[in-house]
Structures are given as C-alpha cells and as structure tokens.
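Colleague: A predicted structure for the sequence below; I have some questions about it.
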Amino acid sequence: MIKRLDHLDVATSDLADAASIYERNFGFKVNRSADSETASVTVGGAEIRLASGALAKAALESQGEGMTGLWLEAEDIEQVVAAFKKAGLAVGKITKEQGRRVFAVDPKIANQVPLFIFDRKS
C-alpha cells in the first residue's frame with residue numbers, strides 16, 4: 001500500500017544553523033530557497049525539509065524544534081483508509097491539497113509521530 005517515504009518536515013528557529021549541521025555533521029548538500037525560510041536535503045530519493053520563520057512559527061510555538069511531519073506516499077489512499085478501518089483504527093477525513101489526497105494519521109496510533117499519508121490522485 002505504501003510506496004515510499006516522500007519527505008520529513010523539520011521546524012527550526014535558525015535555518016542557517018540547521019543547514020550547517022546537516023552539511024558539517026552528515027556531509028549533505030543543502031539546497032537553500034530564495035526566501036531564506038526553507039531548505040532541503042535529498043537522501044535516497046526522499047527529502048528532509050527544513051523550515052523557519054513564518055512557515056515554522058506554529059510548530060515552534062507548540063512543540064519546539066524538530067520533526068513536524070513524516071510524509072508517506074501511497075498508491076491509493078482509499079486502500080490505506082480501508083486497511084485502517086479493517087484493523088479497527090480511527091480514520092479521519094481525506095483532504096485535498098496541492099494535487100494530492102491526504103490522510104492525517106492520529107499520532108496516538110503512530111507512536112506520537114505526526115504522520116501523513118497521501119496519493120497523487122485527484
């Protein structure tokens with residue numbers, strides 16, 4: 001059902017410092033955006049997306065720095081929802097955003113990880 005890890009979202013209060021850590025400690029090439037509020041690192045076909053400023057404000061205020069979302073791509077989100085229901089797990093609403101259908105998994109059933117599963121069907 002799940003095809004691949006698409007990306008991780010990470011909130012940071014200091015984008016330059018976070019980017020430097022990924023470059024210095026792990027040897028990654030960090031791609032910085034022109035707006036100076038986002039940067040990304042590609043690892044094995046998935047991305048680590050760093051965000052600061054207004055984009056990360058709510059996450060920083062509510063939980064501090066760190067991962068704010070783990071995004072998994074599925075072939076068909078309806079199959080994922082059906083499997084969740086069959087397993088007796090709570091299922092929320094499927095939303096549409098940026099050409100994707102997205103299902104937000106309750107963190108209580110994902111080991112407290114903010115997990116999002118999506119497909120690219122419209």
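Modeller: Nice, I can see it. Numbering: from 1, shown residues only.
Colleague: For this structure, which element, helix or strand, carries the lowest mean pLDDT?
Modeller: Every helix and strand of the chain was ranked by mean pLDDT, DSSP states H and E. The lowest is helix 57-63, at a mean of 90.
Colleague: What residues sit buried inside that helix?
Modeller: Residues of helix 57-63 classed as buried: 59-60 (neighbour count, 16 or more other C-beta atoms under 10 Å). Just so you know, the C-beta spots here come from the backbone N, C-alpha and C atoms, and that holds for glycine as well.
Colleague: I'd like the next helix or strand past that helix.
Modeller: Next helix or strand after helix 57-63 toward the C-terminus (DSSP states H and E): strand 66-74.
Colleague: Strand 66-74 and the following helix or strand past that following strand, what's the angle between them?
Modeller: Per DSSP H and E, the first helix or strand lying C-terminal to strand 66-74 is helix 77-86. Counting by axes from the mean of the first three to the mean of the last three C-alpha atoms, to 10 degrees, helix 77-86 points 110 degrees away from the direction of strand 66-74.
Colleague: Rounded mean pLDDT for stretch 93-104, please.
Modeller: Averaged across stretch 93-104, the pLDDT comes to 94.
Colleague: Could I get the full set of strands for this structure?
Modeller: Using DSSP state E, the strands of the chain run over 2-11, 31-32, 38-43, 46-51, 66-74, 94-97, 100-105, 115-119.
Colleague: elements contacting the first one?
Modeller: On a contact count with 3 or more C-beta pairs under 8 Å, 6 or more residues apart in numbering; DSSP states H and E, strand 2-11 meets strand 46-51, helix 57-63, strand 66-74.
Colleague: would you list the ones you listed in TSV and tack on distance to Thr95?
Modeller: Shown next, in TSV, are the helices and strands packed on strand 2-11 (distance: least, C-beta to C-beta, whole Å):
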stretch	distance to Thr95
strand 46-51	19
helix 57-63	17
strand 66-74	14
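Colleague: So which of these is nearest Leu15?
Modeller: Of all the helices and strands packed on strand 2-11, it is strand 46-51 that lies closest to Leu15, at 6.0 Å by C-beta to C-beta.
Colleague: Name the residues that touch the closest one?
Modeller: For strand 46-51, contacts defined as C-beta atoms under 8 Å, 6 or more residues apart in numbering pick out 4-12, 15, 18-19, 22, 30, 37-41, 59, 68.
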